[in-house]
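Peer 1: fold the following, please.
(chains A, B, C, D, E, F, G and H)
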Protein chains: 8
Amino acid sequence: MKAKVLILMGSDSDLPVMEAATKILDEFNITYHMTVSSAHRTPDRTVKLIRSAEKGEVEVIIAGAGAAAHLAGVVAAHTTLPVIGIPIDSSPLKGIDALYSTVQMPPGIPVATMAVGKGGAKNAGIFTAQILGLKDKKIASALKDFKKKMAAEVVKKAKKVENR
Amino acid sequence: MKAKVLILMGSDSDLPVMEAATKILDEFNITYHMTVSSAHRTPDRTVKLIRSAEKGEVEVIIAGAGAAAHLAGVVAAHTTLPVIGIPIDSSPLKGIDALYSTVQMPPGIPVATMAVGKGGAKNAGIFTAQILGLKDKKIASALKDFKKKMAAEVVKKAKKVENR
Amino acid sequence: MKAKVLILMGSDSDLPVMEAATKILDEFNITYHMTVSSAHRTPDRTVKLIRSAEKGEVEVIIAGAGAAAHLAGVVAAHTTLPVIGIPIDSSPLKGIDALYSTVQMPPGIPVATMAVGKGGAKNAGIFTAQILGLKDKKIASALKDFKKKMAAEVVKKAKKVENR
Amino acid sequence: MKAKVLILMGSDSDLPVMEAATKILDEFNITYHMTVSSAHRTPDRTVKLIRSAEKGEVEVIIAGAGAAAHLAGVVAAHTTLPVIGIPIDSSPLKGIDALYSTVQMPPGIPVATMAVGKGGAKNAGIFTAQILGLKDKKIASALKDFKKKMAAEVVKKAKKVENR
Amino acid sequence: MKAKVLILMGSDSDLPVMEAATKILDEFNITYHMTVSSAHRTPDRTVKLIRSAEKGEVEVIIAGAGAAAHLAGVVAAHTTLPVIGIPIDSSPLKGIDALYSTVQMPPGIPVATMAVGKGGAKNAGIFTAQILGLKDKKIASALKDFKKKMAAEVVKKAKKVENR
Amino acid sequence: MKAKVLILMGSDSDLPVMEAATKILDEFNITYHMTVSSAHRTPDRTVKLIRSAEKGEVEVIIAGAGAAAHLAGVVAAHTTLPVIGIPIDSSPLKGIDALYSTVQMPPGIPVATMAVGKGGAKNAGIFTAQILGLKDKKIASALKDFKKKMAAEVVKKAKKVENR
Amino acid sequence: MKAKVLILMGSDSDLPVMEAATKILDEFNITYHMTVSSAHRTPDRTVKLIRSAEKGEVEVIIAGAGAAAHLAGVVAAHTTLPVIGIPIDSSPLKGIDALYSTVQMPPGIPVATMAVGKGGAKNAGIFTAQILGLKDKKIASALKDFKKKMAAEVVKKAKKVENR
Amino acid sequence: MKAKVLILMGSDSDLPVMEAATKILDEFNITYHMTVSSAHRTPDRTVKLIRSAEKGEVEVIIAGAGAAAHLAGVVAAHTTLPVIGIPIDSSPLKGIDALYSTVQMPPGIPVATMAVGKGGAKNAGIFTAQILGLKDKKIASALKDFKKKMAAEVVKKAKKVENR
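Peer 2: As a prediction, this is how the structure comes out:
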């Protein structure tokens, strides 16, 4: 795998959430390979993707899933690369099930868990950039600009609210 | 594997809970192989145990785990044998995390989930007997006796309460 | 009762959820008798249906209900056949009430609980096939095909996501 | 059954909670028959007790249970007498499971649910007196005295706090 | 107050829920006075209504409210008549706040709590009939008919499901 | 009432929690009258205390209660003085019931809710000082000192941790 | 800052909720400065706004935010003015995350927390008036009128319900 | 700051939890500076520590806090370094408040959240090693050994359970 980031989702219906991560990675010019692989329906494919990632250039794996969201944990079980988990709100339990299944990992196998849903996916992209920025000064510097731009946008919206 | 049942737990600290299942299996003369295997710390061992179970005589797999309890789900991902899950109360979230992680399995990969903790482990044993009882008349008949004995015990305790 | 499976639901409004189970049973050529019977509104009818199931050919009972979902537990109280419970999201509490009422069964009376809602009903069908597959090699073999087909579908969807 | 009140509990371990109800009934000179009967382990005994209650002088049934607390609901399914439910905190889920299983009854079959635990059992006793007080002026008048005494006790404790 | 039942709701927006109670009372020919009174916005009016109820013929008070639903508890604080509480799902917390605020009453002041929402309101009506049926044989007998009719309706719906 | 603050608790068992508030008020030389009064057991006493507070010098009312904690809300219903509520962890639901009952007040009747338990009681004292500090420069200035002292204590503890 | 109240929100999307506070402040002729500032995206701007508020005439700060709602807590960390927090329902967790993040402040740094959403924002406005009313008799008197008007509206609505 | 990792905790009482992280960092020979700093009680100190970390050699910041756990979020607001958050179970809400406050960060400001409590702290140490391992082959290789050792320990414990 030539990309810097492997993005996995448990189901293709998670795509609209996961694209919030790819938008950020695109913005930071970070390459990624995004595909679907289920911890439960395609466990072997999941392991193969991880092996391929490790043999390639992948440095971070992002995994998003809903309900009993085991995907990120299963990925973390098979690698020592940093794994970022995104709980997705796709069951009647409104993502609480996915959150607990993703974050409550046992000692030894960490999953860096983000917020439930799209915001979490966006933050997975940014957190990836923060990790890669430790080695890549361009990314590190882009992150500072990103933070400033974000602050500037808040100020712009603040003006609108003040003058409404 | 020569046993009829494979019992897995995510950590040896789950043993006191899981023994509630073995007591029942012993009572019904159902053979089992019980060991520790973590979905996260020993994913390959877990798969090997499942393969060995399938090649042997195992007909039911029982898996108990706490926190982000992925074990039962991961087992179910690798087999078409019936898998029974026991959520264990071993984190500050009091077993709710283990319950959601065990029961909220995605469509396609069922885990038959029992109550949180020891009572759930006992019921996993009974449910196993109920499955095996469909083929084995001795077990089926023992289950009816078990149910009667249970009712008789309630009546005995009821007398004590009535005469307190 | 001539069917292999008795399917009960607490209310006819649960039908769209429960049909996810029948679709699977149809796929595996497993016969079933599906009807409505409430643990609370028709307790005697419920017991009669269980008796008729036991005298007939029924080997597995599936029960789905919402809110204080007692149906599966009440069924399990009256039989030693394996009972599968489906919590249904039909109250303002979003199925959490039905989940706890179904899964937290006391020691002695197991209910094999599936996920909340349609996915749980589908899995109840599959789990039934897994139980019956222990005696019926055709079902056992069909389950393996089903699992492969499911994996193949994930791969097909993965391609779409990769090439979007 | 000669008593005015039938008190059922799902397990003899619930006795310390349920005695909070009997203390109140004793205080109001209301007769009761208290025994153990499980909705799941002794379903037939439960129905028989209800039938005997209905044929006797029972006017109110109190039922306490923990976990998937179906007892009060099952009792209500078999009678048109008022049924009062007490959720008991006896599982790792701290009584939330018992509360939802008791209170979320479907339309048609009410269970008058009290607070989780001992306080709820005490209130079940008082609520019973309030129901019976509609027909029995002595109880109605005793309830007013009880309320005044309770208020007086608060005032006494208030003095202690003021003068600490 | 000439009615047998006083029905209070915290806000006129609760009316569609509370009418599920009045439909039942109408069916049992039980008279009621229904009005709006807030525990918080009109505390004095609430007390006056209770006093007027007690001086009149009222035997049961039904109170429904949402959010921090104090209404039923406040009513119970001022009377020894039986008070039935209906938690209403009218805040982002989906009725859990109303449920806890209604059911978790301190020892001494019971509120007979029904399920969250319309089903709870319907059951409040039925439970009222059950209380009044202890004195009024016509109501007692109507309740048995009601129960039979309910069961018959389930059977009718069951036929539809069986023949779908 | 001569004090600046009226402190109410629903039960004398809440005293150890509520004293965290009085310690702070003592520290800021703010006078208070602390007593027990239950929203449910002594509703009239509660209203009398509020009336007496309003006629006297009271400017802030602090109310702490557990379970279905109506006390702060009932106080707020009877006054336009600022009311601060402290949810107390005294039921099996661990204070969640008290939190929801205190904070989810309907529009029109605010209760300024603090954290569950002792920390919340301490903060009720500080928040009272913040309100009174708007009129009383000595308190305002003492609050700034308090904040500095608190920061200094953190630094002291930080040193211990650094040098452990 | 010339206003009496500083109103902050974490995002401009919170405006429709926060305007429920400004409507009340307008009604009481209380001046305010409302703007957007994020605890996370513009931490320095947030501190500057607080400093400017303290140097100006601001006496109360209202802060509303959703999800991990840190805004009110961060504001409280930087001032000894009373801070009122409004948890906003803007994540899949339905405002429970915002509620816990706002109310569970550590000892030393109080945030006066209101109900989740619009009702909470309205109450933040009223509570502000209650604080300012301690110094300003016009506001104190307006609060009493407001309370009467609110009660009168309930009575009007009650008539409609009675005569429906 | 000369260390590779800055570890912050909101209170010195969090130390026993946080030491689970330092044990791991020691094992991987990763240098750290650990101290106490509260988001609320010492906001300026917190910012100064972050600035000092950024000017020094710090590459990862770990922050643990309980209740309304804002610390990790506040740290993330002030840096573009990766921030790892540990929710600590130190309030009556059992760490759910800390979990939601830590993980539900708004889009733009990620916090990599670990499990509640000691296990989460241990995983924060491992995740830090995984990040630093991307640049440092010794750490990367040590992580693989660590994973193998962990698996070996499971096998050793498995033997004990098998031979019990």
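
Peer 1: dihedrals phi and psi, A:T80?
Peer 2: According to degrees, to the nearest 10, the main-chain angles of A:T80 amount to phi -110, psi 10.

Peer 1: how many neighbours does it have?
Peer 2: 21 (other Cβ atoms under 10 Å in any protein chain shown). Any C-beta I mention is one placed from the backbone N, CA and C, and that applies to glycine too.

Peer 1: of all residues in chain A, which one is closest to chain F?
Peer 2: Residue of chain A nearest chain F, by Cβ to the nearest Cβ: A:I96 (14.5 Å).

Peer 1: list the buried ones in the longest helix seen in chain A?
Peer 2: Using DSSP state H, we find that the single longest helix of chain A is helix A:137-162. Buried residues in helix A:137-162, counted by 16 or more other Cβ atoms under 10 Å in any protein chain shown: A:139-140, A:142-143, A:146-147, A:150-151, A:153-154, A:157-158, A:161.

Peer 1: packing partners of it?
Peer 2: helix A:118-132, strand G:32-36, helix G:43-55 (3 or more Cβ pairs under 8 Å, 6 or more residues apart in numbering or on different chains; DSSP states H and E).

Peer 1: looking at it now, give me its mean pLDDT.
Peer 2: The average pLDDT within helix A:137-162 is 98.

Peer 1: what angle do helix A:118-132 and it make with each other?
Peer 2: Between helix A:137-162 and helix A:118-132, the angle comes out at 150 degrees (axes from the mean of the first three to the mean of the last three Cα atoms, to 10 degrees).

Peer 1: by proximity to chain E, which residue of chain A wins?
Peer 2: At 9.6 Å from chain E, A:K94 is the closest residue in chain A, using Cβ to the nearest Cβ.

Peer 1: contact partners for that residue?
Peer 2: Neighbour list for A:K94: C:K94, G:P92, G:L93, G:K94 [criterion: Cβ atoms under 8 Å, 6 or more residues apart in numbering or on different chains].

Peer 1: 10 Å instead?
Peer 2: Neighbouring residues of A:K94 by Cβ atoms under 10 Å, 6 or more residues apart in numbering or on different chains: A:V116, A:G117, C:K94, C:G95, C:I96, E:K94, G:S91, G:P92, G:L93, G:K94, G:I96.

Peer 1: pretty sure it sits in a strand.
Peer 2: No: residue state for A:K94 (DSSP: H, G, I helix; E, B strand; the rest coil) corresponds to coil; a strand is not indicated.

Peer 1: give me the pLDDT value at it.
Peer 2: 93.

Peer 1: distance check, the residue of chain A closest to chain F against chain B.
Peer 2: As defined by Cβ to the nearest Cβ, to the nearest Å, A:I96 lies at a distance of 7 Å from chain B.

Peer 1: stretch A:111-118 near chain H anywhere?
Peer 2: Yes: using Cβ under 10 Å from any Cβ of the partner chain, stretch A:111-118 comes into contact with chain H via A:V111, A:A112, A:T113, A:M114, A:A115, A:V116, A:G117, A:K118.

Peer 1: spell out the secondary structure type for A:A68.
Peer 2: Three-state call for A:A68 (three-state DSSP): coil.

Peer 1: and the nearest residue to it once chain neighbours are set aside, what pLDDT?
Peer 2: Nearest-residue entry for A:A68: B:Q104, 4.0 Å, with adjacent residues in sequence omitted and distances by Cβ to Cβ, 6 or more residues apart in numbering or on different chains. B:Q104 is assigned 98 on the pLDDT scale.

Peer 1: same deal with A:D12?
Peer 2: A:D12 is given a pLDDT of 97.

Peer 1: ditto for A:M1
Peer 2: We note a pLDDT of 89 for A:M1 in this prediction.

Peer 1: mind listing what the closest residue to it other than its chain neighbours touches?
Peer 2: Leaving aside its sequence neighbours, A:M1 sits nearest to A:G56 (Cβ to Cβ, 6+ apart; 3.3 Å). By Cβ under 10 Å, 6+ apart, the contact set of A:G56 is A:M1, A:K2, A:A3, A:K4, A:L6, A:H33.

Peer 1: filter the residues you listed down to the buried ones.
Peer 2: For the contacts of A:G56, buried by 16+ other Cβ under 10 Å: A:M1, A:A3, A:K4, A:L6, A:H33.

Peer 1: that older thread, just the contacts of A:G56 now: which is nearest D:K135?
Peer 2: A:L6 (73.4 Å; Cβ to Cβ).

Peer 1: starting at the chain centroid, how far to the helix or strand encompassing the closest one?
Peer 2: If you go by DSSP states H and E, A:L6 is part of strand A:5-9. Here strand A:5-9 is found 7 Å from its chain centre; the criterion is Cα atoms, centre = their mean, to the nearest Å.

Peer 1: same deal with stretch A:126-134?
Peer 2: On Cα atoms, centre = their mean, the centre of stretch A:126-134 falls 11 Å from that of its chain.

Peer 1: list the buried ones in that stretch?
Peer 2: Quick answer for stretch A:126-134 (16+ other Cβ under 10 Å): A:I126, A:F127, A:T128, A:A129, A:Q130, A:I131, A:L132, A:G133, A:L134.

Peer 1: now the residues you listed in a markdown table, with pLDDT and distance to chain F?
Peer 2: Shown next, in a markdown table, are the buried residues of stretch A:126-134 (pLDDT from 0 to 100; distance: Cβ to the nearest Cβ, whole Å):
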| residue | pLDDT | distance to chain F |
| --- | --- | --- |
| A:I126 | 98 | 30 |
| A:F127 | 98 | 27 |
| A:T128 | 98 | 32 |
| A:A129 | 98 | 31 |
| A:Q130 | 98 | 26 |
| A:I131 | 98 | 27 |
| A:L132 | 98 | 31 |
| A:G133 | 98 | 28 |
| A:L134 | 98 | 25 |
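
Peer 1: please consider this matter closed, and thank you.
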